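1. Using only what follows, build the 3D model:
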Amino acid sequence: MVEHAIDLDLPPEGALSALRKAAEEWGAELQEEGDGGTLHLPILAGLRRGLMSGPVEIRPAEGGSRVTFRPETSVYYVQTQAVMVLLLAVVGGLLTVLWPFFPKLLEVAPFGAVVALGGWFLVISRLRTSGPDEFLEAVAAQEEGPRKA
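-> The predicted structure follows:
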């Protein structure tokens, strides 16, 4: 798998503290071992959710430290509720498209359009992706400290 890394303007101890805080906010599990440890990171990938695990290292670097995460294992599962809503949206879209060829479907064509758009608004527009890169950005955001409103 691909290595994910980010440079921070913090000493290794500060980077470990930022990593700890970001893991807590994300609901990740960090098993600390020396200059890093093992990270179990919940991830989102469109219609899939999962857990990615691997070692995370914090090494001193020029002007701060470098945090490196190497995923070794990942487990994904499909969100079946979202898939079912999308399948209903496909049926609605087919009703909308096929009514010119089958005039008897004209009565349900508006309903099909509403179902197709409903699938879009309920599922597709809410899909998110969050993985190791976004997690490391959250670690970098911990470096800046709390934002003032």
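2. what pLDDT, on average, does the host helix or strand of Leu41 get?
-> Using DSSP states H and E, the element containing Leu41 is strand 36-45. The average of the pLDDT scores along strand 36-45 is 93.
3. my guess is Leu47 meets Met84, correct?
-> No. Applying Cβ atoms under 8 Å, one finds Leu47 not in contact with Met84, separated by 11.1 Å. Backbone N, C-alpha and C define where each C-beta goes, glycine included.
4. Tell me which of the two has more neighbours.
-> Neighbours were counted for Leu47 and for Met84 using other Cβ atoms under 10 Å; Leu47 has more, 16 against 12.
5. ok, for the residue positioned nearest the centre of the chain, nearest residue in space, not its chain neighbours?
-> Geometric centre of the chain, nearest residue: Ser130, 2.1 Å, by Cα atoms, centre = their mean. Counting by Cβ to Cβ, 6 or more residues apart in numbering, Ser130 lies nearest to Leu44, which is 4.7 Å off, once chain neighbours are set aside.
6. Could you do Glu57 as well?
-> Of all residues not flanking Glu57 in the chain, Gly36 sits nearest, at 4.1 Å (Cβ to Cβ, 6+ apart).
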